[in-house]
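S.K.: Pasted the sequence and its predicted model underneath.
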Amino acid sequence: MNRVIDRSRAHHEELDIEAVEADWHDDRYSVAPERVLERAELRDELEDGLARLPVIYRVPVLLHDAVGWTSAEIATAMSTGLPATKQRLRRGRMMLVSALAEDDARRRASLAQPLRCWRARRHVSAYLDGELDAATRTAVEAHLLDCPTCPPLYASLVGVRASLGGLRDPDTVVEDAMAERIRDHLEAEPGRRPTT
């Protein structure tokens with residue numbers, strides 16, 4: 001549990017329950033429900049919102065609303081009282097709606113991209129290896145030009161790949177006889193294409 005908490009804190013800025021409750025106590029506070037629901041329907045947006053909830057609020061929301069556990073079952077599993085569990089569920093739901101309602105410039109720019117970040121990031125390894133079809137390659141390149149968050153990730157992947165390539169010892173050579181045996185073995189495997 002502590003590892004999960006540390007990992008989530010390292011990658012996401014958690015919401016402050018006191019600030020969220022202060023907003024919800026203010027009669028003037030509201031959200032645009034169409035925006036909240038639009039973002040909730042996008043899995044990566046919903047997961048991003050959930051990641052901003054402290055774990056003690058995230059777990060009850062997921063167990064109750066996603067898995068279908070009762071509050072009593074969650075209380076037993078988390079070794080908390082039923083009133084505390086219900087409070088955490090209420091607070092978690094409030095925090096999630098607030099997280100999905102926030103207007104973040106980077107997120108707005110990311111959402112404006114024709115190719116969503118996760119779809120682009122799933123293709124980036126094949127992009128690095130030159131294995132994408134022309135249309136997908138063009139979409140990934142367009143995304144990298146305009147996205148505010150993906151280019152640093154891509155640059156890091158390129159750099160790490162180059163560093164790994166530097167581990168290769170240029171003095172190490174596989175002998176011709178060994179290389180031939182490896183080729184023969186691979187070609188003998190069913191479903192394997194012959195190598196050149």
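M.R.: All right, it came through fine.
S.K.: going forward, measure contacts between C-alpha atoms and count neighbours the same way
M.R.: Will do.
S.K.: domain parsing for this protein?
M.R.: Using automatic domain parsing, the domains assigned to the chain come out as 2-103, 111-170.
S.K.: Which element, helix or strand, includes the residue lying farthest from the centre of the chain?
M.R.: Centroid-distance maximum for the chain: residue 177 at 45.9 Å, with CA atoms, centre = their mean. Residue 177 belongs to helix 176-188 when assigned by DSSP states H and E.
S.K.: Excluding chain neighbours, what is closest to the most centrally placed residue in the chain?
M.R.: Closest to where the C-alpha atoms of the chain average out (CA atoms, centre = their mean) is residue 44, at 6.6 Å. With sequence-adjacent residues excluded and distances taken as CA to CA, 6 or more residues apart in numbering, residue 44 is closest to residue 118, at 7.6 Å.
S.K.: Neighbours of the one you found, how many?
M.R.: By other CA atoms under 10 Å, 11 other residues sit near residue 118.
S.K.: May I have the helix or strand hosting it exported as PDB, CA atoms only?
M.R.: Assigned by DSSP H and E, residue 118 belongs to helix 117-128. Extracted C-alpha coordinates of helix 117-128, given in PDB (Å, rounded to 0.1, in the frame of the first residue of the first chain):
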ATOM      1  CA  CYS A 117      -1.500  10.900 -26.200                       C
ATOM      2  CA  TRP A 118      -1.900   7.200 -25.200                       C
ATOM      3  CA  ARG A 119      -2.600   6.200 -28.800                       C
ATOM      4  CA  ALA A 120       0.600   8.100 -29.900                       C
ATOM      5  CA  ARG A 121       2.600   6.700 -27.000                       C
ATOM      6  CA  ARG A 122       1.500   3.100 -27.800                       C
ATOM      7  CA  HIS A 123       3.000   3.600 -31.300                       C
ATOM      8  CA  VAL A 124       6.200   5.300 -30.300                       C
ATOM      9  CA  SER A 125       8.300   2.200 -30.000                       C
ATOM     10  CA  ALA A 126       7.300   1.000 -33.500                       C
ATOM     11  CA  TYR A 127       8.000   4.600 -34.700                       C
ATOM     12  CA  LEU A 128      11.500   4.500 -33.300                       C
END
